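Trainee: mind folding the following:
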Amino acid sequence: MGNPKNKVIGIVGGGQLGRMTILEARKMDIEVIVLTPEHPSPASDIADQYIIGSLYDENKIKELAEKCDILSYEIEHINVDVLEEIEKSGKTVNPSSKVLRVIQDKSKQKALLEKFDLPTSNWDYVNEDNLDDLIKKYGFPIVQKSCTGGYDGKGVFIIKSEDDLKHMLKGKTFFEEYIPFEKEIAMMVARNKKGEIKTYPLVDMVFDNTTNMCDITVCPSTSSIEIQTKAKLIAEKAIEALDGYGIFGVEMFVTKENEVLINEIAPRPHNSGHYTIEGTYTSQYEQYLRAIMNLPLGETTYLKPNVMINLFGESGYSGKTLVEGFDKALEIAGVNIHLYGKKETKPNRKMGHITVLDDNIEIALEKAKKAKNLIKIISEEV
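Mentor: The predicted structure is shown next:
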């Protein structure tokens with residue numbers, strides 16, 4: 001490809017995933033332009049250029065495409081129709097509009113997994129006509145998911161009894177078999193157009209009960225070698241089935257019977273891969289750039305056992321961001337703090353993360369939790 005400076009990357013979205021991608025692009029002197037709904041935003045603050053506009057605005061996305069050589073995105077909820085149109089004009093979009101169409105609709109994800117004999121939980125579209133039959137089929141509890149629009153725990157509802165039926169999600173949804181899983185795991189997978197594919201170490205995920213968002217990742221996973229091998233093969237096959245180029249987060253369940261089932265796939269850098277910035281030879285963000293630019297993929301071995309823990313806005317605070325306890329947390333050996341540059345905080349908003357490396361994974365987890373408890377993200381206005 002020659003000098004990477006000769007290629008300009010356009011990213012639809014102005015959030016923290018774009019920000020961390022730009023930080024890696026800086027190292028390789030790659031120019032990045034972002035489309036952001038507002039400025040300042042985490043990504044627009046440090047991008048080479050930014051365009052302000054809706055992520056569904058056809059003209060703004062086309063304006064971005066005209067300024068870049070490769071178009072990508074850091075969030076799924078964008079205008080996929082215009083991406084398809086841009087592709088037809090000859091512009092490279094990675095991952096492709098075809099991939100995004102599947103990912104945007106969780107029921108299409110499920111159908112694709114079934115088509116390629118990839119393990120996932122049983123599911124059915126739900127409507128008023130088949131509701132009673134599906135309740136009999138699945139029994140309580142049942143997982144209801146919105147086909148589109150779900151993000152960070154939103155668009156998922158657990159129906160535990162008949163009393164919950166009146167609170168069901170509206171719109172096009174499906175029922176999914178409730179899996180009483182042993183644990184939730186995830187694996188980042190990168191693939192370029194040459195067909196090269198690299199997987200990252202399997203991680204264990206711990207979810208926050210309040211937000212239903214992934215709160216902690218533990219690398220390496222405590223799963224058996226058998227589970228790790230099975231998960232790797234499943235994750236690779238899923239990305240090959242998507243025929244996607246870029247980096248993907250594959251979230252999976254481990255059942256009591258030691259089955260591995262795919263839950264969902266994200267076509268972008270992912271919360272479960274934040275640990276790779278300090279924890280592996282090649283961060284997921286550098287790998288994302290390598291993959292969409294069809295460059296050789298980097299080494300993915302982890303350097304030391306590590307823990308990533310999220311930082312959320314404190315409950316009861318909304319307004320201009322203030323951070324307390326930053327210096328105290330940095331006194332803990334091995335603590336790395338990432339703040340996303342969000343000017344406004346609100347309860348349970350993702351504001352940053354902490355990564356801790358240690359030879360002992362239990363000590364790493366203890367340090368991460370201690371650092372998180374020291375840092376309070378509050379506001380001037382309550």
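Trainee: for the stretch 151-300 of the chain, which segments are assigned as strands?
Mentor: Along the stretch 151-300 of the chain, counting by DSSP state E, counting those that start in this stretch, strands occupy 156-159, 173-177, 183-191, 197-199, 203-207, 214-219, 246-254, 260-266.
Trainee: out of these, which gets nearest to residue 30?
Mentor: strand 246-254 (15.0 Å; C-beta to C-beta). C-beta here means a position set from N, CA and C on the backbone, and glycine is covered the same way.
Trainee: for the strands of the stretch 151-300 of the chain, give me CSV that also has distance to residue 306.
Mentor: As requested, the strands of the stretch 151-300 of the chain are exported to CSV (distance: least, C-beta to C-beta, whole Å):
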stretch, distance to residue 306
strand 156-159, 28
strand 173-177, 31
strand 183-191, 14
strand 197-199, 17
strand 203-207, 9
strand 214-219, 5
strand 246-254, 17
strand 260-266, 21
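Trainee: any chance of those strands in CSV, plus mean pLDDT?
Mentor: Below are the strands of the stretch 151-300 of the chain laid out as CSV (pLDDT from 0 to 100):
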stretch, mean pLDDT
strand 156-159, 94
strand 173-177, 96
strand 183-191, 97
strand 197-199, 98
strand 203-207, 95
strand 214-219, 95
strand 246-254, 97
strand 260-266, 97
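Trainee: so the spatially closest residue to residue 130 that is not a sequence neighbour bridges to which residues?
Mentor: Excluding its sequence neighbours, the residue lying closest to residue 130 (C-beta to C-beta, 6 or more residues apart in numbering) is residue 124, at 7.3 Å. Beta-bridge partners for residue 124, by DSSP bridges, are residue 175.
Trainee: quick one on the thing from earlier: now render the strands of the stretch 151-300 of the chain as JSON lines, adding mean neighbour count and distance to residue 15.
Mentor: Output for those, formatted as JSON lines (neighbours: other C-beta atoms under 10 Å; distance: least, C-beta to C-beta, whole Å):
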{"stretch": "strand 156-159", "mean neighbour count": "16", "distance to residue 15": "20"}
{"stretch": "strand 173-177", "mean neighbour count": "20", "distance to residue 15": "26"}
{"stretch": "strand 183-191", "mean neighbour count": "24", "distance to residue 15": "18"}
{"stretch": "strand 197-199", "mean neighbour count": "18", "distance to residue 15": "24"}
{"stretch": "strand 203-207", "mean neighbour count": "19", "distance to residue 15": "20"}
{"stretch": "strand 214-219", "mean neighbour count": "24", "distance to residue 15": "16"}
{"stretch": "strand 246-254", "mean neighbour count": "25", "distance to residue 15": "15"}
{"stretch": "strand 260-266", "mean neighbour count": "21", "distance to residue 15": "13"}
